[in-house]
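*Asks:* Take this sequence and fold it.
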Amino acid sequence: MSKVVFYARPGAVRDVEQKAVLADAGFEIDLRDLTAERWTSSSLRAFFDDRPIVEWFDPAEPRVVSGEIEPARMNAQEALLTLSVDPSLINGPLVRYNGRCASGLEADELRAFLDIHARGDKLAPVRRLPRTWGESGAGG
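*Replies:* Modelled structure (predicted):
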């Protein structure tokens, strides 16, 4: 069974749905609380890869919505420091699989991420994930 480290915000509907889909697809899930983790700038950086800085932040977080926190005006160092100090701002869930990291993935992105990194040097893909969350039977 393939193991996925899954950093989720407790009670977040999208995180709960993605966790259910991973479990239904046969992945072993190491579930961790995104907001309780002791993040550093360097430990967070790998999850964001080449995504634009604004995508590192939860767009529904009230301080982002109100404009109190403006990710578009931050450089990478400022953003990483801000997120490490207050993980509730992170656009999760964060996923680590086969030594690779990702953040804020939608259903199609999650499927592609897991498929690509499951193969490594092998040609066999991971078990098929549902095309939509509705196919998973997960509530939300």
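*Asks:* ok, and residue 37, which helix or strand is that part of?
*Replies:* Secondary-structure assignment from DSSP states H and E places residue 37 in no helical or strand segment.
*Asks:* if I look at it, how far off is residue 25?
*Replies:* Computed with C-beta to C-beta, to the nearest Å, the distance linking residue 37 and residue 25 is 24 Å. Every residue, glycine included, has its C-beta placed from N, CA and C.
*Asks:* Looking at the two, which is more packed in?
*Replies:* Set side by side, residue 37 and residue 25 show more neighbours around residue 25, with 18 against 14, by other C-beta atoms under 10 Å.
*Asks:* Tell me the backbone dihedrals of the more buried one, please.
*Replies:* Here the main-chain torsion angles of residue 25 (degrees, to the nearest 10) amount to phi -80, psi 0.
*Asks:* Could you tell me the end-to-end distance of stretch 19-35?
*Replies:* Using C-alpha to C-alpha, to the nearest Å, the gap from the first to the last residue of stretch 19-35 comes to 16 Å.
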